[in-house]
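Trainee: Quick check, what structure comes out for this input:
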Amino acid sequence: MFYIHKNLINKMPNPKEILNELKWNKKFNLNETEIWYVHRGAPNNTKIISGKDIIKFESSFIHTFSAMIPYHRVYKIVYKDKIIFKRI
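Mentor: Residues are numbered from 1 along each chain as shown. Now for the predicted structure:
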């Protein structure tokens, strides 16, 4: 079961909040995460990165070795083969 910080209980957490929880909560390992996001021109307009590829989180972007990904483009987060976030 995915732990949600008490400050997020009464609202739907966004990708930034979820990824920060995965990074900073010692119960989780960001390296076991997949982030699916919209990338126009890629097959099915989708790219998937591993948590291992993340350099840092910025206020509006995920900074990886190969790209700067805006949080609003993230539509699915998978942790240990379970979907923990999916934008409808």
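Trainee: all strands for the protein, in order.
Mentor: 33-38, 46-50, 54-57, 61-64, 68-70, 74-79, 82-86 (DSSP state E).
Trainee: So which bits of the fourth one are buried?
Mentor: Going back to what we said before, that points to strand 61-64. For strand 61-64, burial by neighbour count (16 or more other C-beta atoms under 10 Å) applies to 61-62, 64. In short, each C-beta sits where N, CA and C put it, glycine included.
Trainee: Sheet partners, orientation included, of that strand?
Mentor: Paired strands of strand 61-64, with direction, are strand 54-57 (antiparallel), strand 68-70 (antiparallel) (DSSP bridges).
Trainee: again, but for the last one
Mentor: Strand pairing for strand 82-86, determined by DSSP bridges: strand 74-79 (antiparallel).
Trainee: which residues sit against the partner strand?
Mentor: 2, 15, 18-19, 22, 28, 32-38, 62, 83-87 (C-beta atoms under 8 Å, 6 or more residues apart in numbering).
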